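>>> Got a predicted model here, sequence first, then my questions.
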Amino acid sequence: MIVTDLDRTLLRTDKTISDYTACVFNRCRSMGMKIVFATARPKRTIGSFIGMIPTDAVILHNGAVIYIGDNLFHCSGIDSHVKNDILQSICRDYPETTLSVEINDVLYANFDVSRLWDNTKMKRSNFTDLPDEPADKIIVGVSSPDDITRFSKYLTDDLYIEISEGKLGLIMNKGAAKHAAVKKVAEQFGFDVSEIAAFGDDLNDIGMLRECGIGVAVSNALGEVKAAADAVCDSNDNDGVARWIEENLLKETL
């Protein structure tokens, strides 16, 4: 099984997948390998990538949501009343903070998110009018990794906060992590984690790189990620993931 992060790992800087990379992955699928995307992205943003590389499963929101094929397989969210308390408390105590929350594949935000994410379906909100449903994650704007500590006091015991892209604090259920989601998918397909090659670039990829059979960091990954990986491949802009797969997995099957 092959599990790969998307942004800055499989995707080039311009958010595209090369024809070469798509060809390599589709060769893997034709040989019976399972293909899994593991991303912080929501479902609505990955359709074009699945169009080029059909997947057997997708792990979304860093593991909060898992789809096996087209079917929802697992959710680890934030209870509705808890998400409301957190959002309204942060708004009260830090009114200048940018905040957004993902609920049922819709992003609710108190700012214009286009400066961070393109083509994102969003609704402007002050968080008093949210649907009474669990959230997949809450996203807090931060100025530095150390800045996330001031938001920890709002979390219940079943939640955690981690840094992403150096400027976002992600509040999520403790059951939502890429490495935990990868294990669930592997069990569903009858694989041991030792039979998985995982690829990533950011801090939220470290767990799955360490726990899978082989963890590969792209050369543009953070230093901590490369230190945790078993191998380093070429960069995302040079088709690093696909080149590593062709050289190390496909050649072994010839």
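Received, thanks. Numbering: from 1, shown residues only.
>>> how many other residues sit next to the closest residue to His61 other than its chain neighbours?
Computed as C-beta to C-beta, 6 or more residues apart in numbering, the closest residue to His61 that is not its neighbour in sequence is Asp136, at 4.4 Å. All C-beta atoms are positioned from the backbone trio N, CA, C, and that covers glycine. For Asp136, the count of nearby residues is 25 (other C-beta atoms under 10 Å).
>>> measure the nearest residue to Ala217 once chain neighbours are set aside to Cys212 for me?
In space, and not counting its chain neighbours, Ala217 is closest to Ala229: 3.8 Å by C-beta to C-beta, 6+ apart. Note on Ala229: its distance to Cys212, by C-beta to C-beta, to the nearest Å, is 10 Å.
>>> More neighbours: which of those two?
Per other C-beta under 10 Å, whichever of Ala229 and Cys212 has more neighbours is Cys212, with 26 against 23.
>>> Now do the residue nearest to Ala217 against Gly200, distance only.
Per C-beta to C-beta, Ala229 is found 8 Å from Gly200.
>>> residues bridging contact with those two, i.e. touching both?
By C-beta atoms under 8 Å, 6 or more residues apart in numbering, Ala229 and Gly200 have these common neighbours: 209, 215-217, 221.
>>> Give me the contact list for stretch 150-160.
The contact list for stretch 150-160 (C-beta under 8 Å, 6+ apart) reads 78, 82, 85-86, 89-90, 94, 140, 142, 161, 169, 171-175.
>>> and those, which of them are in strands?
140, 161, 169, 171-173 (DSSP state E).
>>> Turn those into JSON lines, including pLDDT and neighbour count.
Converted to JSON lines, the ones in strands among the contacts of stretch 150-160 look like this (pLDDT from 0 to 100; neighbours: other C-beta atoms under 10 Å):
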{"residue": "Val140", "pLDDT": "95", "neighbour count": "23"}
{"residue": "Ile161", "pLDDT": "91", "neighbour count": "17"}
{"residue": "Gly169", "pLDDT": "89", "neighbour count": "22"}
{"residue": "Ile171", "pLDDT": "94", "neighbour count": "26"}
{"residue": "Met172", "pLDDT": "94", "neighbour count": "27"}
{"residue": "Asn173", "pLDDT": "96", "neighbour count": "23"}
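>>> Can you lay out those as CSV showing distance to Met1?
CSV is the format used below for these (distance: C-beta to C-beta, whole Å):
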residue, distance to Met1
Val140, 33
Ile161, 29
Gly169, 31
Ile171, 29
Met172, 24
Asn173, 24
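>>> Let me see the ranges of the strands in the stretch 101-250 of the chain.
106-109, 122-124, 137-141, 159-164, 168-173, 197-200, 214-218, 231-233 (DSSP state E, counting those that start in this stretch).
>>> out of the ones you listed, deepest packed?
strand 197-200 (a mean of 29; mean count of other C-beta atoms under 10 Å).
>>> give me every residue that touches the residue lying closest to Gly63 once chain neighbours are set aside.
Among residues not flanking Gly63 along the chain, Ala181 sits closest, at 3.6 Å (C-beta to C-beta, 6+ apart). For Ala181, the contacting residues are 38, 59, 63, 66, 74, by C-beta under 8 Å, 6+ apart.
>>> Scan the residues you listed and report the most crowded one.
Ile59 (31 neighbours).
>>> Check which helices and strands the top helix by length along the chain sits against.
Secondary structure assigned by DSSP state H gives helix 80-93 as the longest helix of the chain. Judged by 3 or more C-beta pairs under 8 Å, 6 or more residues apart in numbering; DSSP states H and E, helix 80-93 is in contact with strand 99-103, strand 137-141.
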